[in-house]
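In: Here is a sequence with its predicted model. Questions after.
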Amino acid sequence: MNLRQNKVYSPNRVARSLGVSEATIKRWCDKGILSFTKTAGGHRRIPVHVVLDFVRENAINLAQPEVLGLPPSVGTGSRTLDQACQLYGQALEQGDESRCLQLTLDLRLAGHDMAAIGDRIIAPAFHNLGQRWAHGEAEVYHERRGVEITRHVLARLRETLPPPAPTAPAAIGATPVGDPYSLPGKLCELVLLELGWQARFLGSALPIDSIAQAVEDLRPRALWLSFSSLAESEDFLEEYGRLYEICRKQCAIVVGGRALTRSVRQRLQYASFGDNLHHLRGFAQSLYKPN
Ligand code: B12
């Protein structure tokens, strides 16, 4: 599965973003301090994740983040999870996508992993939004817009992760028919990509038979299923049973999500269950550790 291309920048752009000279960047490239690729014409190109890792490891600030297409204030904001959670919720309700991106990038630069961003920022911000909607304090459009904004933010965060090695194991994920929720599944994808997996969220509301077909076609080592909304019918349990039989021979099923109550879980078979993304992270690390 060739999943994505990481954004790459010329030494000149990286130099401007860091506030140093182009010659310095070229020297850091040649000394192996910054890894890079070369164009067909022999020019150095530096992936954005390499620049961000450099900033994080050296605890420096980006002089001009906008040169790398990042919000101008990246690196100047809150780097603690609790503060950022509140601020993310506010930005979400104000429809301020750039601020949402800045807050999550700041946390990445402070060394927080994707699971922490999902569990401690995005999930609580949406729980709060859901509560406010239920009490008539937020409009439906706030919620819809919040999902759109967060989808964009997650897509941008994805660009900051190094591409998986071609030999890395594949993982696929989905939500079953009747479950239109997309953020939990996308977050699982990012958690696994960050751990070096070739992870791909197939999408929401997929028929179980089609998920089974994807397992046969794509031969993943792991399948994650996110359940936010579930009608616990005999048909579903039967189809799931068939999926489990296919997976049992070749890949581990990991399940989670707000709809996966104890009573549903007792009737499903799986390799692992997680309440949150940290649990997924732990399970994935037990299956595969990149060198
Ligand atoms: C956005 C949203 C929607 C959107 C989703 C759009 C989209 N493309 O995703 C849409 C518009 C579809 C929607 C529809 C509805 N919604 Co809604 N929705 C929400 C909202 C605000 C956010 C959901 C979300 O994405 N959260 C962010 C994720 C990241 O958090 P999370 O789900 O908790 O996931 C965490 C864990 O569960 C776990 N996890 C999740 N998946 C997995 C997988 C694995 C493998 C592992 C290990 C862990 C794991 O890790 C995550 C991070 O910590 C919630 C409020 C809330 N409390 O979350 C209401 C909420 C879930 N919805 C609610 C309702 C009532 C509805 C509707 C019935 C509204 C209506 N009248 O039409 C419909 C039902 C649709 C359906 N078929 O089920 C209620 C449910 C109440 C209940 N008792 O069940 C809530 C709680 C709002 C509320 N406070 O009342 N909704």
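Out: Yep, that arrived.

In: for this protein, which helix is longest?
Out: helix 140-159 (DSSP state H).

In: Any buried residues in that one, and which?
Out: 142-143, 145-147, 149-150, 153-154, 156-159 (16 or more other Cβ atoms under 10 Å). Bear in mind the C-beta positions are built from the backbone N, C-alpha and C, glycine included.

In: Which elements pack onto it?
Out: Applying 3 or more Cβ pairs under 8 Å, 6 or more residues apart in numbering; DSSP states H and E, we find helix 140-159 packed against helix 81-94, helix 97-109, helix 123-134, helix 183-194.

In: Could you save those helices as CSV and add columns showing distance to Ser73 and mean neighbour count?
Out: Below are the helices and strands packed on helix 140-159 laid out as CSV (distance: least, Cβ to Cβ, whole Å; neighbours: other Cβ atoms under 10 Å):
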stretch, distance to Ser73, mean neighbour count
helix 81-94, 12, 19
helix 97-109, 5, 23
helix 123-134, 19, 16
helix 183-194, 22, 24
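
In: What residues does the stretch 1-150 of the chain have near the ligand?
Out: Neighbours of the ligand within the stretch 1-150 of the chain, by Cβ under 6 Å from any ligand atom: 118-119, 122-123, 126-127, 129-131, 134, 143, 147.

In: can you tell me the distance between the two ends of stretch 56-73?
Out: For stretch 56-73, the first-to-last residue distance is 16 Å (Cα to Cα, to the nearest Å).

In: Return the set of buried residues in it.
Out: Buried, per 16+ other Cβ under 10 Å, within stretch 56-73: 62, 65, 67-68, 70-71, 73.

In: any chance of the helices and strands packed on helix 140-159 in a markdown table, plus mean pLDDT?
Out: As requested, the helices and strands packed on helix 140-159 are arranged in a markdown table below (pLDDT from 0 to 100):
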| stretch | mean pLDDT |
| --- | --- |
| helix 81-94 | 92 |
| helix 97-109 | 93 |
| helix 123-134 | 96 |
| helix 183-194 | 98 |
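
In: dump the residue contacts of the closest residue to the ligand within the stretch 101-250 of the chain.
Out: Nearest residue of the stretch 101-250 of the chain to the ligand, counting by Cβ to the nearest ligand atom: Gly130, 2.5 Å away. Residues near Gly130 by Cβ atoms under 8 Å, 6 or more residues apart in numbering: Glu143.

In: how about 10 Å then?
Out: 138, 143, 146 (Cβ atoms under 10 Å, 6 or more residues apart in numbering).

In: That one and Pro164: what is the separation?
Out: 33 Å (Cβ to Cβ, to the nearest Å).

In: Cys29: which of the residues of the stretch 1-150 of the chain next to the ligand is nearest?
Out: Gly118 (33.2 Å; Cβ to Cβ).

In: can stretch 154-168 be found next to the ligand?
Out: No - contact of stretch 154-168 with the ligand (Cβ under 6 Å from any ligand atom) is absent, the minimum separation being 10.0 Å.

In: so how far does that stretch reach from one end to the other?
Out: Counting by Cα to Cα, the terminal residues of stretch 154-168 are separated by 22 Å.

In: Averaged pLDDT, it. What do you get?
Out: In this model, stretch 154-168 has a mean pLDDT of 93.

In: With stretch 222-234 instead?
Out: Stretch 222-234 comes out at a mean pLDDT of 90.

In: Please apply the same query to stretch 15-24.
Out: Rounded mean pLDDT across stretch 15-24 is 95.

In: first vs last residue of that stretch, how far apart are they?
Out: Termini of stretch 15-24 sit 8 Å apart (Cα to Cα).

In: how about it: buried residues?
Out: For stretch 15-24, by 16+ other Cβ under 10 Å, it's 15-18.

In: contacting residues around that stretch?
Out: With Cβ under 10 Å, 6+ apart, stretch 15-24 has contacts from 9-14, 25-28, 33-34, 46, 48, 51-52, 54-55, 58, 60-70, 74.
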